[in-house]
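# Sequence first, then the predicted structure, then my questions.
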Amino acid sequence: MSTTDAPKKPRETDDVPVPATLRKSLKNRHIQLIALGGAIGTGLFYGSSESIALAGPSILLAYLVGGLAIFAIVRALSEMSVEDPKAGAFSYYATRYWSKRAGFISGWNYWFNYILVSMVELSVVGSFVNYWFPAIPTWVSAAVFLVIICAANLLGVSKFGEFEFWFAIIKIVAVIAMIIGGLAVIIFVLPTASGVRASFANWFTVGNGFFPNGLMGQNSDGSWTGLLMALVVVMFSFGGTELIGITAGETEDPKTTIPRATNDIIWRILVFYIGALGVIMAVVPWNTIDGKSSPFVQIFDSVGIHAAAGILNFVCLTAVMSVYNSGLYANSRMLYSLAKQGNAPAYLGKLNSRGVPVAGVLTSAAITAIAVVVVFVWPEFAFNYLMSIATIAGIINWTMIMLTEMKFRKVVAAGGAPEDSELAGLSGQEALDAIHFKLPFAKVTPWVVLAFLALVVVLMCFSTSYRIAVIAGVIWLAILFAAYQLTQAKK
């Protein structure tokens, strides 16, 4: 597939039939919190310690750069979602505006990505439960939460939205409480556990300053460190923000709600990532954040709340449930869309009376359950190899979104806009100018983002723990290409 194989003539909408039978029940508050919840997870609460160790205070720049890239990716997806709100989002768009092969690869890549993520999230839920109830076997916790989340998804999209709304509220309250507590320590010059006076000046005076490890360098053990290497960790923590596009097909007013939620992503990143970590490193010296406990636990301890570990344990438990809830929702809609495209078995395209693709929900849940067993039996295999595929799958997904957006604009300019869109009947620059929610600097932005994602992949090759992901990604793409050819040969 290349960026030059766009259809020379507009494709008919009927080529990719997606019946408008899903319930448009997600309200503005649901979409806002789903978007926010997708950007706040265990990657922030626990994973941030790894990125801080790599880059020190300069990690704030890494989150800013990575956040801008994610913002551009979600804007590109939202540009298509507003004009053509359909279930399956980027898989549907890749099929409609690019090719059936592109839709197959995009859809199954995203589905498998979330299967792997859900598998690992469910496998660790037991460790959070054991914090309070050590006698409960971890597999029991995983099974219970799998059934609960599966049942919630079967009740209808509005119930999914409510679950995500409250999951996100818990995470937001935790982060805001940490920020306010940290600012109180700084403003009132309260004593800290480290003995170092809390101040934003600590960004520049503690541990060799703001760029302690430079842009990129090698440690004595041969491992690479620095700001650029931290970008790899940072980008993985942003996975899930593209869920906004998946919800477009079931949103009450996508032309209003999707743009608002998308535009809010950038300030959320500034507040909840850069703001939170900036306060943490002002209160807790960055070189004492070693990953043995969450930076959030350390700052709560500094504030004097010694039940910090228990509080964060609860927050992380809800974060894990939120990830699986979102994953199951996204996967069921993706299978539904793939079935309607002819890229998945037809039974996955059936809906129940509540407008829920039951077969997609149950199939994804069943495969996740099998995968969880694999995690318990071969934990090292699961975490060291399967998650590598999940991480590179995220980059593949983002790449596909940017390439598809360029295809979308070519088709729109050729007069091939959706028949129910305000762009219908328009062509050329007139059609492009009429796009409701445009990607800023659309002629340049996709290429800049693609170059950035390519840089992240190159940087992954310098890390022992992430190098396997690059190899896995190549193999995974080859499998998807082969699978598509096999499915087409049988027709």
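Nice, I can see it.

# Just list the residues touching Asn153, thanks.
For Asn153, the contacting residues are Lys159, Phe160, Asn325, Leu328, Tyr329, Ser332, Val356, Val361, by Cβ atoms under 8 Å, 6 or more residues apart in numbering. Heads up, the C-betas are built off the backbone N, CA and C, glycines and all.

# Next, count neighbours for the fourth one.
In other words, Leu328. 26 (other Cβ atoms under 10 Å).

# Repeat that for the one 4 residues further on.
A total of 29 residues lie near Ser332 under the criterion other Cβ under 10 Å.

# host element of it?
helix 308-341 (DSSP states H and E).

# now the angle from the helix or strand immediately after that helix in the chain to helix 308-341?
For helix 308-341, the following helix or strand on the C-terminal side (DSSP H and E) is helix 358-377. Using axes from the mean of the first three to the mean of the last three Cα atoms, to 10 degrees, the inter-axis angle of helix 358-377 relative to helix 308-341 is 130 degrees.

# which other helices and strands contact helix 358-377?
If you count contacts as 3 or more Cβ pairs under 8 Å, 6 or more residues apart in numbering; DSSP states H and E, helix 358-377 packs onto helix 100-132, helix 138-154, helix 308-341.

# And those helices: which comes nearest Ala369?
Comparison of the helices and strands packed on helix 358-377 against Ala369 by Cβ to Cβ identifies helix 138-154 as nearest, at 6.0 Å.

# Can you point out the buried residues in that closest one?
Judged by neighbour count using 16 or more other Cβ atoms under 10 Å, the buried positions of helix 138-154 are Thr138, Ser141, Ala142, Ala143, Phe145, Leu146, Ile149, Cys150, Ala152, Asn153, Leu154.

# how far does that helix sit from the chain's center?
Distance of helix 138-154 from its chain centroid, counting by Cα atoms, centre = their mean, to the nearest Å, is 21 Å.

# Would you point out which residue is most central in this structure?
Gly240 (1.6 Å; Cα atoms, centre = their mean).

# if I look at that residue, how far off is Gly107?
17 Å (Cβ to Cβ, to the nearest Å).

# what element comes up after the helix or strand bottoming out on mean pLDDT in the chain heading to the C-terminus?
Ranking every helix and strand in the chain by mean pLDDT, DSSP states H and E puts helix 379-381 at the bottom, with a mean of 64. Where DSSP H and E defines the elements, the next helix or strand beyond helix 379-381 is helix 387-413.

# how about the buried residues of helix 138-154 in a markdown table, adding distance to Tyr347?
Shown next, in a markdown table, are those (distance: Cβ to Cβ, whole Å):
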| residue | distance to Tyr347 |
| --- | --- |
| Thr138 | 33 |
| Ser141 | 31 |
| Ala142 | 27 |
| Ala143 | 25 |
| Phe145 | 26 |
| Leu146 | 21 |
| Ile149 | 22 |
| Cys150 | 18 |
| Ala152 | 22 |
| Asn153 | 17 |
| Leu154 | 16 |
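
# for the stretch 101-250 of the chain, which spans come out with low pLDDT?
Low-confidence segments of the stretch 101-250 of the chain, defined by pLDDT under 70: 248-250.

# Skipping adjacent residues, who's closest to Gly161 in space?
Computed as Cβ to Cβ, 6 or more residues apart in numbering, the closest residue to Gly161 that is not its neighbour in sequence is His30, at 3.5 Å.

# In contact with the one you found, which residues?
Going by Cβ under 8 Å, 6+ apart, His30 touches Ser158, Gly161, Glu162, Glu164, Phe165, Thr247.

# Please, which helix or strand holds the first one?
This means Ser158. Using DSSP H and E, Ser158 falls in helix 157-187.

# Let me know the helix or strand that Ile244 is in.
Using DSSP H and E, Ile244 sits within helix 243-247.

# Any buried residues in that helix, and which?
Leu243, Ile244, Gly245, Ile246, Thr247.

# from what I can see the fourth one touches Asn331, true?
No. If you go by Cβ atoms under 8 Å, Ile246 and Asn331 don't touch, sitting 9.5 Å apart.

# picking that back up, could I get the contacts of His30 as CSV with distance to Ala76?
Formatted as CSV, these follow (distance: Cβ to Cβ, whole Å):
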residue, distance to Ala76
Ser158, 28
Gly161, 24
Glu162, 29
Glu164, 23
Phe165, 26
Thr247, 16
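
# which of those tops the neighbour count?
Going by other Cβ under 10 Å, Thr247 tops the contacts of His30 with 29 neighbours.

# Quickly note the distance from it to Ser158.
The spacing between Thr247 and Ser158, counted by Cβ to Cβ, is 12 Å.

# And the contacts of Asn153, which is closest to Ala346?
Ser332 (15.3 Å).

# before we move on, the earlier item: determine which two of the contacts of His30 are furthest apart.
Maximum distance among the contacts of His30 (Cβ to Cβ): 13.5 Å, for Glu162 and Thr247.
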